[in-house]
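Participant: Got a predicted structure plus its sequence, pasted below:
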Amino acid sequence: DYEKKYPPDEPDQALGPNARIWRVYLDEARQFDMDMVDNIRDTVDVILVFAGLFSAVVGTLVTEASTSLKPDYTQITAALLTELISVQRAIASNISVSSIPSSSLHLESPPTSTASSTDFWVNALWFTSLAISLAIALVSVLVRQWLHAYVTPTSGTPKDQSHIRHFRYMGIEQWQVPLIAGLLPIMLHLSLFLFFIGLVVFL
């Protein structure tokens, strides 16, 4: 009961810097902010931990899968050694070197990848999943910083504190922080969905 908690104001102090209306506003706003911040913070904390672990797993798989997009230098070396041995045998047997089948490798052009379409799809899906997961982690950290700045205590009269709180709340609403926090689980589901599609294609 605010009438008992705060004494009535003098007639000329109804809107003064220490008026009861500002104290009541701060109490109501404090309870509202506590509920809002706790809900967003709990969601963001879970998302941040899961996104970090998930990014580590996907990053490891992407590192392995991306090797299929690069030229296989082991096969290139083996092909060149085979041709070199054939040339040496031809010379030792007095056979014309021109009769030795030449390698399909050409020094004028760089070696190309032998990756299949499956390899491209797997890497595309996993790289996209990793990018989304890292973006989720980044946005989660930003939301945490916004919340920390939002609930930072202020000094001054109740009227000044009320104005600062309202200014912060308008900033939170303008930047759509609650909406962004609500979209994080959806984005995480999308990242998981892309990862599992890539896993199915990979297997």
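Facilitator: Good, I have the coordinates.

Participant: burial measure for V49, as a count.
Facilitator: 12 (other CB atoms under 10 Å). To be clear about C-beta, it is placed using only N, CA and C from the backbone, and glycine gets the same treatment.

Participant: pLDDT averaged over the helix or strand harbouring it - what is it?
Facilitator: Counting by DSSP states H and E, the element that carries V49 is helix 20-65. For helix 20-65, mean pLDDT rounds to 91.

Participant: and it, what does it pack onto?
Facilitator: In terms of contacts (3 or more CB pairs under 8 Å, 6 or more residues apart in numbering; DSSP states H and E), helix 20-65 is packed against helix 2-5, helix 117-150, helix 158-174, helix 177-202.

Participant: Among those, which comes closest to M36?
Facilitator: Smallest distance to M36 across the helices and strands packed on helix 20-65 (CB to CB): 7.1 Å, for helix 177-202.

Participant: returning to that earlier point: looking at the helices and strands packed on helix 20-65, which is nearest to S55?
Facilitator: For S55, the closest of the helices and strands packed on helix 20-65 is helix 117-150, at 4.5 Å, according to CB to CB.

Participant: Now do the closest one against helix 158-174: the angle between them, please.
Facilitator: Here helix 117-150 runs at an angle of 170 degrees relative to helix 158-174 (axes from the mean of the first three to the mean of the last three CA atoms, to 10 degrees).

Participant: can you give me the offset of helix 117-150 from its chain's centre?
Facilitator: With CA atoms, centre = their mean, to the nearest Å as the basis, helix 117-150 stands 2 Å off its chain's centre.

Participant: From here on, call the first residue 42.
Facilitator: I'll keep to 42 as the first residue from here, and by that count the last item is helix 158-191.
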